[in-house]
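1. pasted the sequence and its predicted model underneath.
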Amino acid sequence: MKRTRLADILSSKKVGDHFVVMGWVRTRRDSKGGFSFIEINDGSCLKNLQIIADKRLSNYGDEIVKIQTGCSIRASGALFHSPGKGQDVELHAEEIQVLGWADPDTYPLQKKRHSFEFLRSIAHLRPRTNTFGAVARIRSAMSLAIHTFFQERRFFYLHTPIITGNDCEGAGELFKVTTFDLGHVPRDGEDVDFKKDFFGRPANLTVSGQLEAEVYAMALGDVYTFGPTFRAENSNTSRHLAEFWMVEPEMAFCDLEGDIELAESFLKYIFAHLLENCHEDMAFFNRFIDSTVIETLEGVLSKGFERLTYTEAIEILAKAERKFQFPVAWGNDLQSEHERYLCEEVFQRPIILVDYPRQIKPFYMKLNGDQKTVRAMDLLVPRVGEIIGGSQREDDYETLLTRIREAGLNPDDYWWYLELRKFGTAPHAGFGLGFERLIQFVTGLSNIRDVIPFPRTPGNVSF
Ligand code: 4AD
Ligand code: MG
């Protein structure tokens, strides 16, 4: 089934050449002059290809005039300059074959605009719309840029386990992994007898690859992970998924300053890649979803990020004239309304907050000399809020042990992680970028369910 992708035809515009194309029909209209215009899209780019089907084609009356939105077809013919508006070139078909019909009475994607809610209910068909096709291409382009950025800097791509026995963030938001028959769970007195389970102990889906990434950073120097992570947070918001993708670089011999520098150059690199390589899709988002996305990315490239401490942020928030739903006080975690106020109203650009109170951050973050704050950094962007969370890691054995206990975790579960601090410990740091939040930021899409192919959220695991 040899074919040429539309992206190649439409970018090279080789008028006179002969092509075979295959794709799904977006529209068909018939002209009085005895021919039809068929627009197809094959997913390789946003634009459609216009095909001219003349009534002299042998299946014109039987098939071509019955072609509807959603059908898949194969067409061959020569490329011509198009006299019409909206396209430079068009294909004059010598042959059109219908590969698959789509009944117009039941095919849900008719030409009109559909709501994002409705499209979520047809996640198997929504990639055929302009928006979801563009999201899928942007995810792919961003993935390449992420790998290229790290590989060019001699970071090694590390595959960390999906099933683990630890809770990296210590928040207890774990999906359990078990082969128990849930109707007959073996018990040892009151407790579940995990010795009889598949792994002989409780296991869960990973919330982060960080702890394992630290192991490899303490051997290979600089590594990164890029994979799915899972959180059983029962938060039905536009920024939370139960399954999301995270990019986690980890660097040995690195402090918080180096970590922040990496995060800044990383984001600038992938944004520049996007603006250079995804013109068509980015112009689409800028036109139909959020008219500020391109300008915002260009702003990041030229102006960079504002930096301040958590304590400074609290001072600004405490003085704000605005009323917040959640109270502002030193020691409280920042809520999305606070983050957005700082980014969107006070600084009007992305900000990096450092040195958070120890009690609101995970056990692995390095304690500052003040004993009150940790070497954490969160990178916040307008509209989305936190897209990156990172820190310098606690590299002192005793302090780490105290912090693990303080978090209510069992040090025995972290014996290997603790040992890294016994044998050749060194300053090291890293961060996690939420890939879907990044895609929200660059596309302007407001709901995280619309930037991942098949969203998993509380109550929803369809498709
Ligand atoms: O801030 P988090 O929890 O940090 C970590 O997991 C660290 N272990 C990372 C590290 O230092 N290696 O998560 C990192 C990022 C957040 O900033 C956010 O962008 C994203 O992951 N994130 C989510 N994205 C979608 N749905 C959720 N439920 C998310 N939770 C976190
Ligand atoms: Mg965080």
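-> That came in fine, so what should we check first? Residues are numbered from 1 along each chain as shown. Ligands and ions are numbered 1, 2, ... in the order given.

2. rounded mean pLDDT for stretch 107-124, please.
-> Averaging pLDDT along stretch 107-124 gives 93.

3. any idea how far it is from the chain center?
-> 21 Å (Cα atoms, centre = their mean, to the nearest Å).

4. for that stretch, buried residues please.
-> 109, 119, 120, 123 (16 or more other Cβ atoms under 10 Å). The way it works is simple: take the backbone N, C-alpha and C, and place the C-beta from them, glycine included.

5. and those residues, which two are the farthest apart?
-> Spanning the widest gap among the buried residues of stretch 107-124 are 109 and 120, at 13.3 Å by Cβ to Cβ.

6. which neighbours do those two share?
-> residue 126 (Cβ atoms under 8 Å, 6 or more residues apart in numbering).

7. which residue packs closest to residue 196, ignoring adjacent ones?
-> residue 186 (4.4 Å; Cβ to Cβ, 6 or more residues apart in numbering).

8. next up, the contacts around that neighbour.
-> 180, 192, 193, 196, 197.

9. contacts for the worst-scoring helix or strand of the chain on mean pLDDT next, please.
-> Here the helix or strand of the chain ranked lowest by mean pLDDT, DSSP states H and E is helix 336-340, holding a mean of 92. When contacts are defined by Cβ under 8 Å, 6+ apart, helix 336-340 is touched by residues 237, 239, 313, 317, 324-326, 328, 380, 382-383, 385-386.

10. most neighbours, which of the residues you listed?
-> residue 380 (27 neighbours; other Cβ atoms under 10 Å).

11. ok, residues contacting the helix or strand containing that one?
-> Residue 380 belongs to strand 373-381 when assigned by DSSP states H and E. For strand 373-381, the external contacting residues (Cβ under 8 Å, 6+ apart) are 255-256, 259-260, 263, 267, 305, 310-311, 334, 339, 342-343, 350-358, 361, 365-368, 386-392, 429, 431, 441.

12. now with 6 Å, please.
-> 256, 260, 263, 339, 343, 350-358, 361, 365-367, 386-392, 441 (Cβ atoms under 6 Å, 6 or more residues apart in numbering).

13. just the helices from the stretch 1-150 of the chain, written as ranges.
-> 6-12, 116-120, 130-152 (DSSP state H, counting those that start in this stretch).

14. so which residues on the stretch 101-250 of the chain come close to ligand 1?
-> 168, 169, 208, 210, 231, 233, 240, 241, 244, 246, 248 (Cβ under 6 Å from any ligand atom).

15. one more time with 8 Å, if that's ok
-> Within the stretch 101-250 of the chain, the residues that sit near ligand 1 (Cβ under 8 Å from any ligand atom) are 168-169, 171, 207-210, 213, 229, 231, 233, 235, 239-242, 244, 246, 248-250.

16. before we move on, the earlier item: do you know how far the residue nearest to residue 196 is from ligand 1?
-> 32 Å (Cβ to the nearest ligand atom, to the nearest Å).

17. so residue 436 makes contact with residue 450?
-> No: using Cβ atoms under 6 Å, residue 436 makes no contact with residue 450, being 9.5 Å away.

18. alright, that wraps it up for me.
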